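S.K.: I'll drop the sequence and a predicted model, then ask my questions.
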Amino acid sequence: MRASEITRQTRANERRFRLMASVLVALMLACAAATVVTFLTRLVPAWQPWYLVGVCLLVSLDTFYNHSRFKEIDLFSREWLIAVGAQLILLFIGLRVVIGGSHGLSTFWGEVSAGWREFLNSFLSVEYFIGLGMCILTWLISLGFAGLFEEMGIDAELIRQEGYAVTPGENRSPRERLLHLVFSVGAILVLLTGLLRLDFRAVQGGIWKDAVLDVPSFSNGGLSTLLYFLLGLALFSLTHWSDLNNRWSINRIPSPPGMLASWAFYSLLFLTLLTALVSLLPTTYSLGFLASLGYLLNLVIYFLFLVVQFLVALFLLLMGLLSLLFGQEPPVEQAEWPAFQPDRLLPEVAPSVATPVPWVEVAKSFVFWGLFLFVLVFALVQYLRLHEQVLQVMRQRPSLTWLFALWERLRFLWKRAQKEVGQAVKAGLERIRPRREPGWSMGAWLSLRKLTPRQTVFFYYHALLRRSSESGLARHPSQTPAEFAVRLDSALPEAEPDVEALTGAFIEARYAPQPVQPEQASRAREIWEHLRKLLRKKKTD
C-alpha cells in the first residue's frame, strides 16, 4: 500500500486519535503536577503554588498543538530559532505574571513599579525557578509523547512495513516505549505519594513508630496519582485502537465512521466503573498484609496440628493393641468423684467487648492483597520484558535457576489451562452456534506465526503473484508456475535465481509428499523480501 492510497477516513481517524491522545496526556501531566505541588506544599506549608497545575496543562496542550508545525521547520534554522525563542519568552513572562498574580494584584504592581534591580530580584526567585523547571519538564515529556504519537501514524507504519526503521537505533515498538514512559513518570508519582504519608519530623528524630500518618486514601496526592494511572489506561486503549486502524487501512478494510467515538465511550465507561470500584474498596482494614498472612498461616498450622494429633492417637491405639497381645492390660484410671460442694454465687462480671474479625473483613483483606500482589507481579513482568538485559543478568546467576524453572513451569501450566479452557469454550460455541450456509464465511486475521512451513511457502508465492500483478507482470490463468517463472526471468534478469528458488519451493511444497522444513519456509521469506524490492523498483520505473 502506498501513501497516496490512504483514504480520507483513515486520515480523519488519525487526526481524531492524536487530538484525544494529546488531551489525555495533558490531563495526565496536570495530575502529575498536582502530586508534585502537594509534595512542595508539604515541604513549605506557607507556599501554595496550585497555579502550576494549570500552567503545566497549558504548556502540554501548546506543545502538542505546535508539534506538527515545528516538524515542518528545519532544525536550528533561523526560522526555527525565532519560533522557539518567541515561545520561550512568552513562557518566561507568562509564568512570572501568573506567579505575581497569585500573590495579589497590588503586590505584583508594587514589584513592577519598583526599580529594575528590585524587579529583577523578585523576578528570579526560587519560586519562579521551581515553576520554570516544572514547565520545562512538562514540555520535554510532552515532546516525547508527541513523537510517539507521530510514530503510531499510518505513514510510519508503512515505512516499517517496507523494512525501514522510523527511529534509527530503536528496536522497540512505539507502544512499548509509551508504556515505559507512562510507568516511569508514574513510579515517581507513587514515590512522592508514599513520602507524603510520612511524618518528616518523626523520621528526622528517629521515631519510626509514629512515622506513618493515618490519612485518607485520596488525600496527600492519592487522588491525583490515581487519576494519572486511570487516564493512562484510557491512553493505552486509544493506542490499541490506532494500531488496529493502521492494520485495517493497510489491508484495505474499511473502518466504520463512528467506531472511534464508540471506542472512546466504552473506554470512559470502563474507567468510570473502575473508579467507582476503587472508591468503594476499603483500604483501612482491621487486617494488614502481614496480619492477613499470619491469619492464613495460623489456619495452616491448626490443620497440621490436627493431622499430628490424629497420627499420635493412631500410634497410641496401635501400642495399646500390642500390649494386649503380650498379656498386659492397659491401666484403667479410677474416676474420683469430688465431694459435694454447694455452688457459690459469683458476682456478675460485665462481658468484655470483643472485637472478632468477621469473615467478610477477612475476605476483603485477602481480595485486596491478592489484587495488589497480582498487579505487582504484572508490573514486574512488564518491566523485565522491557529490560531484557536485566533478565539476562538474572539468568546467569546460579542461585536464581530454581526461580526461572518454577516460572517456566507455571507458564506451561497456565498456557495448558488456557488452551483447554479455550477449546472447551470453542466446542460449546460450536454446539450452540447456528449452522451457516456453505457459501458464507467470516474474514479472519492472518497470522504468519500460526502457519505451517508448507502454508508459509504458499503464502509467499501467492504474495509474489500479487506483487507481480501490481507491477504489470500478471500471471495468465493458463500458465504453469514454471512458465510464469520463465516470464519473470525475462522481465527481471537479476532476479532469476530467486524466482527459480521460490518457484521450486512452491512446486515442492505443493506436490511433494515429504514435509516442508522450517528452514525452507525461512528461506522463502528471505527470497520474497528480495523479490519485493526488485518488483517495487520495477513498478516505479
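M.R.: Cool, the structure landed.

S.K.: domain ranges for this protein?
M.R.: The chain breaks down by automatic domain parsing into domains covering 3-280, 448-540.

S.K.: Relative to Leu403, which of these is closest?
M.R.: domain 3-280 (23.1 Å; CB to CB). (C-beta placed from N, C-alpha, C; glycine too.)

S.K.: could the domains of the chain go into JSON lines alongside distance to Ala424, mean neighbour count and mean pLDDT?
M.R.: Converted to JSON lines, the domains of the chain look like this (distance: least, CB to CB, whole Å; neighbours: other CB atoms under 10 Å; pLDDT from 0 to 100):
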{"stretch": "domain 3-280", "distance to Ala424": "27", "mean neighbour count": "15", "mean pLDDT": "80"}
{"stretch": "domain 448-540", "distance to Ala424": "20", "mean neighbour count": "15", "mean pLDDT": "83"}
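
S.K.: In JSON lines: those domains, plus distance to Val300.
M.R.: Formatted as JSON lines, these follow (distance: least, CB to CB, whole Å):
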{"stretch": "domain 3-280", "distance to Val300": "29"}
{"stretch": "domain 448-540", "distance to Val300": "43"}
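
S.K.: what's the closest of those domains to Phe315?
M.R.: In terms of CB to CB, the element of these nearest to Phe315 is domain 3-280, at 47.9 Å.

S.K.: Show me the residue at the heart of the protein, geometrically.
M.R.: Centroid check for the chain by CA atoms, centre = their mean gives Leu179 as the closest residue, at 5.4 Å.

S.K.: my read: it touches Phe236, true?
M.R.: Yes - using CB atoms under 8 Å, Leu179 is in contact with Phe236, at 7.1 Å.

S.K.: picking that back up, among the domains of the chain, which is nearest Thr401?
M.R.: domain 3-280 (27.9 Å).

S.K.: Please identify which helix or strand holds the residue nearest to the centre of the chain.
M.R.: If you go by DSSP states H and E, Leu179 is part of helix 174-195.

S.K.: From the contact counts, what lies against that helix?
M.R.: Judged by 3 or more CB pairs under 8 Å, 6 or more residues apart in numbering; DSSP states H and E, helix 174-195 is in contact with helix 8-43, helix 126-151, helix 222-250, helix 359-386.

S.K.: Could you list the residues in contact with stretch 221-232?
M.R.: 24, 27-28, 31-32, 34-35, 38-39, 182, 185-186, 189-190, 192-193, 196, 216, 218, 271, 274-275, 278 (CB atoms under 8 Å, 6 or more residues apart in numbering).

S.K.: change it to 6 Å
M.R.: Stretch 221-232 has contacts (CB atoms under 6 Å, 6 or more residues apart in numbering) with 24, 27-28, 31-32, 34-35, 38, 182, 186, 189, 193, 196, 271.

S.K.: And the helices in the stretch 201-350 of the chain, which stretches?
M.R.: For the stretch 201-350 of the chain, helices defined by DSSP state H, counting those that start in this stretch occupy the ranges 222-250, 259-280, 289-325.

S.K.: want to throw those helices into JSON lines with distance to Leu488?
M.R.: Output for the helices of the stretch 201-350 of the chain, formatted as JSON lines (distance: least, CB to CB, whole Å):
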{"stretch": "helix 222-250", "distance to Leu488": "25"}
{"stretch": "helix 259-280", "distance to Leu488": "41"}
{"stretch": "helix 289-325", "distance to Leu488": "68"}
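
S.K.: nearest to Pro513, of the ones you listed?
M.R.: In terms of CB to CB, the element of these nearest to Pro513 is helix 222-250, at 36.2 Å.

S.K.: and the angle from the closest one to helix 126-151?
M.R.: Comparing the axes of helix 222-250 and helix 126-151 via axes from the mean of the first three to the mean of the last three CA atoms, to 10 degrees yields an angle of 20 degrees.

S.K.: Run a quick neighbour tally on Leu410.
M.R.: Leu410 has 10 neighbours, counted by other CB atoms under 10 Å.

S.K.: shift numbering so it begins at 755
M.R.: In the new numbering, first residue 755, that becomes Leu1164.

S.K.: Beyond the helix or strand hosting it, next helix or strand please.
M.R.: Assigned by DSSP H and E, Leu1164 belongs to helix 1155-1186. Beyond helix 1155-1186 on the C-terminal side, the first helix or strand identified by DSSP H and E is helix 1207-1224.

S.K.: Which residues outside that next one are in contact with it?
M.R.: 1229, 1259-1260, 1263, 1270, 1272, 1275, 1278, 1282, 1285-1286, 1289.

S.K.: Out of the residues you listed, the closest to Leu812 would be?
M.R.: Nearest to Leu812 among those: Arg1286, at 47.3 Å, using CB to CB.

S.K.: Perfect, I'm done here.
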